[in-house]
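Q: Build me a structure from this.
(one chain, ligands or ions: 1)
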Amino acid sequence: MKADIGNALDGALGLDRAALDDLDERVADAHERIAGGRRESEHGYAALSLPETCDPEPIRRAAAGFDPETVLTVGIGGSALGAATVTDALDSPVDARYLDNVDPAWVRDLVADLDLSETVVNVVSRSGTTAETLANFLVVREAMESAGVDWTERTVVTTGPEGNLRSMAETHDLPALDVPDGVPGRFSALSTVGLFAAAVAGHDLDELLAGAASEAGKLSGSLYDSPGYAYGAVSYALGERGAAVNAMMPYAESLERFAEWYAQLWAESLGKDGRGQTPARALGATDQHSQLQLYRAGPADKLVTLVRPLESPDTGIPETDLSGLEYLGGSTLGDLLDAEFRATEASLAAAGRENVRLEIDRVDERGLGELLYAMEAACVVYGELADVSTFTQPAVEWGKKAARGLLGGGEFEEAEAVRGKRRLEVE
Ligand SMILES: O=P(O)(O)OC[C@H]1O[C@](O)(CO)[C@@H](O)[C@@H]1O
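A: Okay, the predicted model is just below:
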């Protein structure tokens, strides 16, 4: 993996090489803290040790018992997005599907679309108490029973040492994978949490972990040694200079879900104490006809992160006599995408709008492992430089309590606040 940070310098926000070199001294201190946290397997820092601590064998063993048409992951947040990112990016004869949201029509239609006798369900929740995950699993389990499918024969649980899912696995003797200690959900893609669906889909877990390990091996006391640290340090430095938004813009449909995974990682880790950097999900080339207008001519408050594979399958463009479009004929869609990637990058730079280029060789297991790990390292070093509590997410608890109170799941003052909403309705 490579990070080209050239276009992050000397733009509207005023980051220059001298300032980056000065920041590199703070990166060295941050790295010492990160390395110490990894050595001690401290909460959160343990995530950056997954390339060596994640044993793929239990994951492969749990997957080996199935030869399904579909693997359905039931989870939410980091308990679904890691798996989704990997399997959405890679081709497989197995259909990998996800239930995370609790939109009734969407859940009903997705479940109805499955042959449940040919589906393996992986219900994933570290806590075992997440309402969306448990509710969706109960719906899926009832659908399996209604279809005459023995759900206990087609369900694998991934959860923490205690809680509802652990109890259910023990009661029904279900295969169970352990979520890794000290790894928050948004950092768990390269673990049992994110890799079961990939194993069922036939993807090479060793290559995913090898890609991650190659980026882990670059972590040192300098941002100039590690694409992850370089990206995290530049994102932080620009954030301190006014880049309130980080637009994650992969130039590959297969990486669209990666942008969604990145959004949770960046927002839930760095949005603390009135600070943080808002991840915007974008897609190249599509958003050149959409959000690029804002990125280039709106407020100078963004870093645009352009991600692409250097190699990918291509498709020829037939010759044409369409007036003015003859230049396209005989080239390829890959040539067009490459030209647009570089043109977008240059158009932002020409307007003084900071952007960074992240490149992997291919969207394959190794490239994904590199990309996921580098983003996690970037997030951790950003959190160290910003001095925030990277691995907690207290702000999401208020809404959980309010919703639970509204549903009669307990007495919560948050639910009273919901009932007391100020209303000013316009129809
Ligand atoms: O794995 P669990 O405990 O169901 O949590 C799912 C998601 O919910 C959160 O805890 C936030 O509510 C995320 O951090 C996590 O990825």
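
Q: what about the residue in the chain that the ligand sits nearest to, distance to Ala80?
A: The minimum distance from the chain to the ligand, using CB to the nearest ligand atom, falls at Gly185 (2.5 Å). All C-beta spots, glycine's among them, are computed from the backbone N, C-alpha and C. The gap separating Gly185 from Ala80 is 9 Å, by CB to CB, to the nearest Å.

Q: And the contacts of the one helix or strand Arg357 maps to?
A: Per DSSP states H and E: Arg357 is located in strand 355-360. With contact meaning CB atoms under 8 Å, 6 or more residues apart in numbering, strand 355-360 is reached by 1-5, 7-8, 227, 231, 234-235, 303-310, 345, 348-349, 367-368, 370-371, 374.

Q: Buried among the residues you listed? Need that as a selection in PyMOL.
A: In PyMOL syntax, the buried subset of the contacts of strand 355-360 is picked out as below (16 or more other CB atoms under 10 Å):
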select buried, resi 1+3+5+7+8+227+231+234+235+303+304+305+306+307+308+309+345+348+349+367+368+370+371+374
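
Q: Which ones among the contacts of strand 355-360 map onto strands?
A: Of those, the ones assigned to strands by DSSP state E are Lys2, Ala3, Asp4, Leu303, Val304, Thr305, Leu306, Val307, Arg308, Pro309.

Q: Mind putting these into JSON lines with distance to Gly75 and pLDDT?
A: As requested, these are exported to JSON lines (distance: CB to CB, whole Å; pLDDT from 0 to 100):
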{"residue": "Lys2", "distance to Gly75": "32", "pLDDT": "98"}
{"residue": "Ala3", "distance to Gly75": "30", "pLDDT": "98"}
{"residue": "Asp4", "distance to Gly75": "34", "pLDDT": "98"}
{"residue": "Leu303", "distance to Gly75": "30", "pLDDT": "98"}
{"residue": "Val304", "distance to Gly75": "30", "pLDDT": "98"}
{"residue": "Thr305", "distance to Gly75": "26", "pLDDT": "99"}
{"residue": "Leu306", "distance to Gly75": "29", "pLDDT": "99"}
{"residue": "Val307", "distance to Gly75": "24", "pLDDT": "98"}
{"residue": "Arg308", "distance to Gly75": "29", "pLDDT": "98"}
{"residue": "Pro309", "distance to Gly75": "27", "pLDDT": "98"}
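
Q: Pick out whichever of the residues you listed sits closest to Ile34.
A: Set against Ile34, the nearest of the ones in strands among the contacts of strand 355-360 by CB to CB is Ala3 (17.5 Å).

Q: how about the spatially most central residue of the chain, secondary structure?
A: Compute the mean C-alpha point of the chain, and by CA atoms, centre = their mean the closest residue is Trp261, 1.8 Å away. Following DSSP: H, G, I helix; E, B strand; the rest coil, we place Trp261 in the helix state.

Q: which residues sit in contact with it?
A: Leu81, Gly82, Ala84, Thr85, Arg186, Ala189, Leu372.

Q: I figured Ala374 was touching Gly228, is that so?
A: Yes. Counting by CB atoms under 8 Å, Ala374 does reach Gly228; the two are 3.7 Å apart.

Q: Pull up the overlap in contacts between the two.
A: Joint contacts of Ala374 and Gly228 (CB under 8 Å, 6+ apart) are Ala3, Glu215.

Q: Nearest spatial neighbour of Thr155, chain-adjacent residues omitted?
A: Val121 (4.8 Å; CB to CB, 6 or more residues apart in numbering).

Q: Can you get me a residue count around the one you found?
A: By other CB atoms under 10 Å, the residues close to Val121 number 24.

Q: and it, that's in a strand?
A: Yes. Val121 sits within a strand when classified using three-state DSSP.

Q: In the sheet, which residues pair with it? Tell me.
A: Here Val121 sits in beta bridges with Leu72, Thr155, as judged by DSSP bridges.

Q: From Asp21, how far off is Ala12?
A: 21 Å.

Q: Look at those two and report which has more neighbours.
A: Between Ala12 and Asp21, counted using other CB under 10 Å, Ala12 has the larger neighbour count: 17 against 12.

Q: Need the three-state assignment for that one.
A: What three-state DSSP gives for Ala12 is coil.

Q: wouldn't the residue of the chain closest to the ligand be in contact with Ser79 here?
A: Yes. Between Gly185 and Ser79 there is a contact under CB under 8 Å: 5.3 Å.

Q: Overlap in contacts, these two.
A: Joint contacts of Gly185 and Ser79 (CB under 8 Å, 6+ apart) are Arg126, Val193.

Q: follow-up on the earlier one: counting neighbours, what do you get for the residue of the chain closest to the ligand?
A: For Gly185, using other CB under 10 Å, the count is 27.

Q: Skipping adjacent residues, who's closest to it in space?
A: For Gly185, the spatially nearest residue (CB to CB, 6+ apart) is Gly78, at 2.6 Å.
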